[in-house]
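Fold the following and give me the result.
(one chain, ligands or ions: 1)
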Amino acid sequence: MASSKPSTPSLSQHRPGKILIAFDFDHTIAEENTDVFVRRLLGPEGLPAEIEAQQRSLGWTKFMGAILQHLHDKGITSNQIRDLMQRTPLTPGMDVLLRYLHEKHHVFDCVIISDANSLFIWWILHFTKLEGVFPLSSIYTNPARIDDTDCLRIDFYHHNSTCKLSAPNLCKGRVLQEHISRMKREENQEYRTVVFIGDGLNDYCPAVQLAETDYIAARKGYKLIEKIKEDRSAVEASLVPWTNGKDLLDFVQNLEKTFPLYVPQLVT
Ligand SMILES: [Mg+2]
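From the prediction side, this is the model:
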């Protein structure tokens with residue numbers, strides 16, 4: 001997504017190009033899949049078979065809505081769901097990585113592009129005191145709310161009918177492109193390079209959209225890295241396999257050395 005040409009400093013360049021780090025959330029920032037983790041509140045009897053059977057026909061987001069409705073019907077409160085989410089472990093080393101990126105906010109912009117939902121993500125970031133890393137405008141996910149009956153409701157982030165690699169409720173590649181365009185238009189920010197960090201098959205769409213000068217950081221042992229390796233020529237970006245936040249911290253610190261920031265000097 002970044003130009004392959006070396007950047008030419010000019011006085012019209014209001015700010016130096018930063019590095020965009022786009023994070024998936026489940027199995028990336030959070031060690032668990034939050035949508036699966038919340039099922040712990042179902043108790044030993046689990047999900048009724050008639051709801052489980054609807055997974056395919058409903059699609060994932062509406063299926064999650066049915067699970068949350070069932071939890072509500074069982075008397076589980078939104079506070080109980082929040083308390084459980086706050087016990088969701090982060091991926092090891094991820095807090096150190098995120099605090100480092102936040103300290104270096106003049107170098108890195110961070111966004112989350114996730115098929116979880118806004119409440120789960122917010123509760124976890126808030127509890128781990130990482131909410132400052134991600135302004136609300138940089139979290140792209142399915143909007144969630146607590147309705148008047150204390151039941152959690154999740155809506156689609158948007159409606160996707162064109163990208164076959166993505167779910168109907170969220171095309172991560174489109175979101176990434178829209179973020180980059182918006183930053184260029186509104187903030188005069190052109191990224192030098194883009195890093196997408198993820199694990200799952202729904203991270204494959206942004207992976208194929210990245211340019212040769214970008215990076216796809218795919219977690220070892222998960223499906224994204226297998227999919228990329230099936231046809232390496234389909235993804236132009238450099239592949240960065242990772243296991244934990246320390247691997248990613250080493251990578252971004254090296255990247256920082258590769259991309260020293262241009263600071264305009266006024267000639268007098
Ligand atoms: Mg994931």
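
Around the closest residue to the ion within the stretch 51-200 of the chain, how many other residues sit close by?
Proximity of the stretch 51-200 of the chain to the ion (C-beta to the ion) peaks at Gly200, 4.1 Å away. Bear in mind the C-beta positions are built from the backbone N, C-alpha and C, glycine included. Using other C-beta atoms under 10 Å, Gly200 is surrounded by 19 other residues.

right, and it touches Asp35 too?
No. If you go by C-beta atoms under 8 Å, Gly200 and Asp35 don't touch, sitting 11.6 Å apart.

what touches both of these two?
In the contact map built from C-beta atoms under 8 Å, 6 or more residues apart in numbering, the residues linked to both Gly200 and Asp35 are Asp26.

end to end, how far does stretch 84-92 reach?
19 Å (C-alpha to C-alpha, to the nearest Å).

Tell me the buried residues in that stretch?
Buried residues in stretch 84-92, counted by 16 or more other C-beta atoms under 10 Å: Leu84, Met85, Thr88, Leu90, Thr91.

do the same with stretch 245-265
Those would be Gly245, Asp247, Leu248, Leu249, Phe251, Val252, Leu255, Phe259, for stretch 245-265 by 16+ other C-beta under 10 Å.

measure the last one to Thr213 for me?
With the distance defined as C-beta to C-beta, to the nearest Å, Phe259 ends up 10 Å from Thr213.

Can you work out which residues contact both of those two?
Joint contacts of Phe259 and Thr213 (C-beta under 8 Å, 6+ apart) are Thr193.

coming back round to it: which of the buried residues of stretch 84-92 fall in strands?
Counting by DSSP state E, no part of the buried residues of stretch 84-92 is found in strands.

quick one: which of the residues you listed sit in helices?
Leu84, Met85 (DSSP state H).

Check the buried residues of stretch 84-92 against Glu50 and report the nearest one.
Nearest to Glu50 among those is Leu84, at 23.9 Å by C-beta to C-beta.
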